[in-house]
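Peer 1: sequence and computational prediction follow.
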Amino acid sequence: MGNVLGFLPWAVDSAWSYISAQGPEFALSIAAISLAVWNGRQSSRHSALSVLPAFSAWADYPRDKNRDCEIRLANKGFGPAIIEDTMVFFNGQRKKGFQFESVELAIEEAFGKDLENCYQVATGERGHAIGVGEEIPLAGFTVQPGLVDLGHSAFGDRLRPMTVTIKYRDIYSRKWVFIVRNFVGHTLRVNSPSYFFWQRFRFRKYLG
């Protein structure tokens, strides 16, 4: 320990003597390099902050002349979103299987005998990148005329127990979670303090 403590002042003094002997040009070069490194780090940080992929989800309701419905997902943020996992829940219970299977199972449970057919389901799995402005139909399906006659509230009530969780990352490998629950979308940043101290408890059923 004594040798180490004795070495440190000698090393600092030697370094200072060397820098002093090089003249002002050397000191200016060191300062310029330090400034360039700092600017580079600030630029990188600014670039990371300008990348914020954010999802939006909505449903097209059926009409008398068109009983086709769609649930759509779109990246309305800045920068691509790279999918890590997609989970679908109905009444708090996760639907198993591949993404397209879980979506279809949830639609079938939601509408039961009022579902005429499910003609389209999402295919984006792990590693799929969704670009800015890109839309993906999570599901396309047709309902029976009787459900349309009951009005929009009846259709909305069927969808309300359905929750979709999408885990994704941005190009800087920051991780995010998008949860659609009761027609409201929630975007969570995984390593934020609020995620660990509040949101993980609030959405614990839907984080897997």
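Peer 2: Arrived safely. Numbers count the residues shown, from 1 in each chain.
Peer 1: can you tell me the helix or strand for Ala154?
Peer 2: According to DSSP states H and E, Ala154 maps onto helix 152-159.
Peer 1: list the contacts of that helix.
Peer 2: Here helix 152-159 makes contact (C-beta atoms under 8 Å, 6 or more residues apart in numbering) with Ala59, Tyr61, Pro62, Cys69, Ile71, Ala110, Phe111, Asp114, Val143, Leu147, Val148, Phe183. For the C-beta atoms, the positions are set from N, CA and C on the backbone; glycine is no exception.
Peer 1: apply 6 Å and report the result again.
Peer 2: Tyr61, Ala110, Phe111 (C-beta atoms under 6 Å, 6 or more residues apart in numbering).
Peer 1: same question, stretch 190-207
Peer 2: Stretch 190-207 is contacted by residues Phe89, Gly92, Thr163, Thr165, Lys175, Ile179, Leu188 when judged by C-beta under 6 Å, 6+ apart.
Peer 1: now do 7 Å
Peer 2: Phe89, Gly92, Thr163, Thr165, Lys175, Trp176, Val177, Ile179, Arg181, Leu188, Arg189 (C-beta atoms under 7 Å, 6 or more residues apart in numbering).
Peer 1: from the residues you listed, which is closest to Glu104?
Peer 2: When the contacts of stretch 190-207 are compared for distance to Glu104 (C-beta to C-beta), Phe89 wins out at 14.1 Å.
Peer 1: mind listing what's buried in stretch 125-145?
Peer 2: His128, Ile130, Ile136, Leu138, Ala139, Gly140, Phe141, Val143 (16 or more other C-beta atoms under 10 Å).
Peer 1: which SS class is Ala139?
Peer 2: Recorded secondary structure, Ala139: strand (DSSP: H, G, I helix; E, B strand; the rest coil).
Peer 1: so it bridges to which residues?
Peer 2: For Ala139, the beta-bridge partners are Ile71, Val121 (DSSP bridges).
Peer 1: how close does Leu150 sit to Arg189?
Peer 2: Distance, Leu150 to Arg189, by C-beta to C-beta, to the nearest Å: 40 Å.
Peer 1: could you export the contacts of helix 152-159 as CSV, including neighbour count and distance to Tyr119?
Peer 2: What follows is the contacts of helix 152-159, written out as CSV (neighbours: other C-beta atoms under 10 Å; distance: C-beta to C-beta, whole Å):
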residue, neighbour count, distance to Tyr119
Tyr61, 15, 17
Ala110, 20, 16
Phe111, 20, 13
